[in-house]
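Peer 1: Just a sequence and a predicted model for now, questions to come.
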Amino acid sequence: MENLNLEGSAKTPTVKFDSKSGKLELKGRSIPENSIEFYKPLNDWIDGYATNPIGETTVDIKLEYFNTSSSKCILDLFKQLETLNKQGTAVKVNWYFEEDDEDMAEAGEDYQAIIDLPFEMIEVEEI
C-alpha cells in the first residue's frame, strides 16, 4: 500500500501516513477551506490500511490549532481507528500539545473521553 504524504500549508496540516511502520501523523494547523474535502483522502487511506494493517498503529497528533469543521473530521478519523482497534490491531493515540495551550490540551481530553482508544497526552515546549 502506498504511503500518504501531504505537505502542510498555512491552512492544512502535514500528513504522514506510513503503512509499513503503522505510524500516522498530523502536524501543524488544520483550517482548510473545505475540511471534508481535505480529510477525505485520509479517511480513504485508513479504509485501505484497515484491510491489511500491521499489528500496532501509532497516531501522533501534533496540531497547534484546528477549526470546528476539522474537529469533526478528526473525530471521524478516530472513529475509523477505533473500529480498527476493535478488530485486533493495537491503535494508540499520542496527543501533543504545547505547555501553555490549555485549549489543545482540553481538545485532546475531549477526544479521549469520546473515543475508546488508548490516549497519551504529551506536553511539549513547542510543536
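Peer 2: That came through, no problem. Numbers count the residues shown, from 1 in each chain.

Peer 1: what comes up buried for the lengthiest helix in the chain?
Peer 2: Secondary structure of the chain per DSSP state H: the longest helix is helix 68-86. Under the neighbour-count criterion of 16 or more other CB atoms under 10 Å, helix 68-86 has 69-71, 73-74, 76-82, 84-85 buried. Backbone N, C-alpha and C define where each C-beta goes, glycine included.

Peer 1: Let me know the average pLDDT across that helix.
Peer 2: Averaging pLDDT along helix 68-86 gives 97.

Peer 1: Widest-spaced pair of the buried residues of helix 68-86?
Peer 2: Using CB to CB, the buried residues of helix 68-86 reach their maximum pairwise distance at Ser69 and Asn85, which is 25.0 Å.

Peer 1: Next, the residue of the chain most remote from its centre: phi, psi?
Peer 2: Within the chain, Asp100 marks the point farthest from the mean C-alpha position, 21.1 Å out by CA atoms, centre = their mean. Main-chain torsions, Asp100, degrees, to the nearest 10: phi -100, psi 10.

Peer 1: repeat for Asp101
Peer 2: Dihedral pair for Asp101: phi -100, psi 90, per degrees, to the nearest 10.
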